[in-house]
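1. Okay, structure incoming, though there's no sequence with it:
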Ligand SMILES: Cc1cc2nc3c(=O)[nH]c(=O)nc-3n(C[C@H](O)[C@H](O)[C@H](O)COP(=O)(O)OP(=O)(O)OC[C@H]3O[C@@H](n4cnc5c(N)ncnc54)[C@H](O)[C@@H]3O)c2cc1C
């Protein structure tokens, strides 16, 4: 499948692979056990300029699109899903800023991001609308001094660790093009406070915390695009990048579980038969199904990402499908791996138990698997998504 990837991307993947071995894997158990944000891994990714992955080359970044994001999040997801998600949400935020950036936004955000000196993240979800991430209630009010933002975001990955946050709001005026807007809010802006530390069942390094914005003043320059740019942001930029980053991460989780399973079945030998578990045809069959599920999901993700990068008319349907498919693959493959690896896997704090817990978040991370599957059907039939 490497033949589907351009050489420049393969070189970036090699860099990410080396970081997985040297930094992500050695820290993954502690990140999980202590619900600890993966600071060392994020610093290492910035040091290699990978945090500039989705920043255009014209702003000093690596100029990668959806295929690049899919490939690097999958690679990182094999080592530590929390790191892959923290990296992925940063890259989505950077892509949203880059999509219609002004000169001021480029100088303040994109160039430092490209230089590995600025971390951003995505703050869309709210309790009031739950899985309907595209329906924010956060208020944006235009004043003479700029915009004032009021509201509470939930599950903000990299919460309290990023330098800025891409925040969705209601549009401030009825004359706007649509109902919603997007602004960048600096971490040190007045009125930004953080709720409880993140202590998830899985994805425990994510720092996905609640963020309250009370009378937060945002300079006019920090409005992304124009007021009410909702469809553009949600379905043309936010959703493709968001879904690709999540799909890549969970595909990495599935591949890691498959790798552990194969290694276990090849090495575990029974005394009574003298044979390894890999010689039992029922287990060969089950591994065959797992392998097919992961390979199929990767091909769908690569197809979707490539179509998105090319601006193909079919891209949206495939992009909607690929996150749902990766979620189904990750949950099914980690679950199956737990069975095939027996008591070794069922030990407290086994790597597979971490992968299983991490995989479970894939269905609830919005858009949920069911929503996406309905949208895939709608898109395939030429119906509007909402
Ligand atoms: C680890 C993790 C990281 C996250 N990171 C981010 C982030 O960085 N930025 C961000 O903005 N958000 C993030 N989120 C939030 C996420 O995207 C969802 O918005 C959030 O999980 C929704 O939770 P809820 O309980 O409010 O959902 P609810 O709306 O209460 O839904 C609960 C369940 O009901 C079902 N359901 C609800 N509505 C529908 C529907 N219309 N059709 C079918 N089924 C439905 C689904 O099964 C859903 O899981 C993260 C979440 C997690 C768990």
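-> Cool, got the structure. Keep in mind the model is a prediction, meaning the values are calculated, not measured. Residues are numbered from 1 along each chain as shown.
2. Check residue 1 and give its pLDDT.
-> As predicted, residue 1 sits at a pLDDT of 60.
3. how near is the closest residue to the ligand within the chain to residue 367?
-> The chain approaches the ligand most closely through residue 130 (2.1 Å), counting by Cβ to the nearest ligand atom. For every residue, glycine as well, the C-beta is placed using N, CA and C. Counting by Cβ to Cβ, to the nearest Å, the gap from residue 130 to residue 367 is 11 Å.
4. of these two, who's got more company?
-> residue 367 (22 against 13; other Cβ atoms under 10 Å).
5. Please, where are all the strands along the chain?
-> 122-123, 139-143, 146-156, 164-170, 180-186, 192-194, 209-218 (DSSP state E).
6. Please list the residues of the stretch 151-300 of the chain that sit near the ligand.
-> Within reach of the ligand by Cβ under 6 Å from any ligand atom, the stretch 151-300 of the chain has these residues: 155, 156, 157, 200, 203, 206, 208.
7. Emit the ChimeraX select command for whichever of those are buried.
-> Entered in ChimeraX, the line below selects the buried ones among these, by 16 or more other Cβ atoms under 10 Å:
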select :155,156,157,200,203,206,208
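8. which residue lies farthest from the center of this protein?
-> residue 272 (46.0 Å; Cα atoms, centre = their mean).
9. any idea of the pLDDT on that residue?
-> On the pLDDT scale, residue 272 gets 97.
10. For it, what are phi and psi?
-> phi -70, psi -30 (degrees, to the nearest 10).
11. now do residue 196
-> phi -50, psi 150.
12. which residues touch the helix or strand bottoming out on mean pLDDT in the chain?
-> Least confident element among the helices and strands of the chain, by mean pLDDT, DSSP states H and E: helix 230-231 (a mean of 74). Applying Cβ atoms under 8 Å, 6 or more residues apart in numbering, the contact partners of helix 230-231 are 134, 171, 177, 178, 179, 180, 181.
13. now, which of those sits nearest residue 53?
-> residue 134 (24.3 Å; Cβ to Cβ).
14. Which residue, other than its chain neighbours, is closest to the closest one?
-> Counting by Cβ to Cβ, 6 or more residues apart in numbering, residue 234 is the residue found nearest to residue 134 once chain neighbours are left out, at 4.8 Å.
15. That neighbour: how many residues sit nearby?
-> 21.
16. Could you do the one 5 residues further on as well?
-> Counted with other Cβ under 10 Å, the neighbours of residue 239 add up to 22.
17. does it really touch residue 322, like I thought?
-> No. With contact defined as Cβ atoms under 8 Å, residue 239 and residue 322 do not form a contacting pair (11.6 Å).
18. In stretch 211-224, which residues are buried?
-> 211, 213, 216, 218, 222, 223, 224.
19. Endpoints of it, how far apart?
-> 20 Å (Cα to Cα, to the nearest Å).
20. about what we covered before: tell me which of the residues of the stretch 151-300 of the chain next to the ligand is nearest to residue 186?
-> Nearest member of these to residue 186, counting by Cβ to Cβ, is residue 156, at 14.0 Å.
21. quick one, phi psi at the residue of the chain closest to the ligand?
-> According to degrees, to the nearest 10, residue 130 has phi 50, psi -120.
22. Just list the residues touching it, thanks.
-> residue 366.
23. how close does the nearest residue to residue 147 once chain neighbours are set aside sit to residue 149?
-> Of all residues not flanking residue 147 in the chain, residue 218 sits nearest, at 4.5 Å (Cβ to Cβ, 6+ apart). With the distance defined as Cβ to Cβ, residue 218 ends up 6 Å from residue 149.
24. any residues in contact with both of the two?
-> 183, 185.
25. residues contacting residue 361?
-> 200, 201, 202, 203.
26. just residue 100 next, same as before
-> Counting by Cβ under 8 Å, 6+ apart, residue 100 has contacts 224, 225, 229, 232.
27. try 6 Å this time
-> Contacts for residue 100 (Cβ atoms under 6 Å, 6 or more residues apart in numbering) come out as residue 225.
28. Dihedrals phi and psi, it?
-> Dihedral pair for residue 100: phi -140, psi 40, per degrees, to the nearest 10.
29. so what pLDDT did it get?
-> The model's pLDDT for residue 100 equals 91.
30. Please apply the same query to the one 5 residues further on.
-> According to the per-residue confidence, residue 105 scores 96 in pLDDT.
31. What's the local residue count around the residue nearest to it when sequence neighbours are not counted?
-> Nearest residue to residue 105, sequence neighbours excluded (Cβ to Cβ, 6+ apart): residue 97, at 5.9 Å. Using other Cβ under 10 Å, residue 97 has 27 other residues around it.
32. when you give positions from now on, start the count at 55
-> All set: I'll call the first residue 55, so the last point we hit is now residue 151.
33. Residue 151 contacts residue 163, correct?
-> Yes. Counting by Cβ atoms under 6 Å, residue 163 is a contact partner of residue 151 at 5.2 Å.
34. where are the low-confidence patches of the stretch 105-254 of the chain?
-> 228-230 (pLDDT under 70).
35. change it to 90
-> 187-188, 225-234 (pLDDT under 90).
36. just so I have it, where are all the helices in it?
-> 120-133, 135-153, 157-159, 165-168 (DSSP state H, counting those that start in this stretch).
37. out of these, deepest packed?
-> Stretch with highest mean neighbour count among these: helix 135-153 (a mean of 29; mean count of other Cβ atoms under 10 Å).
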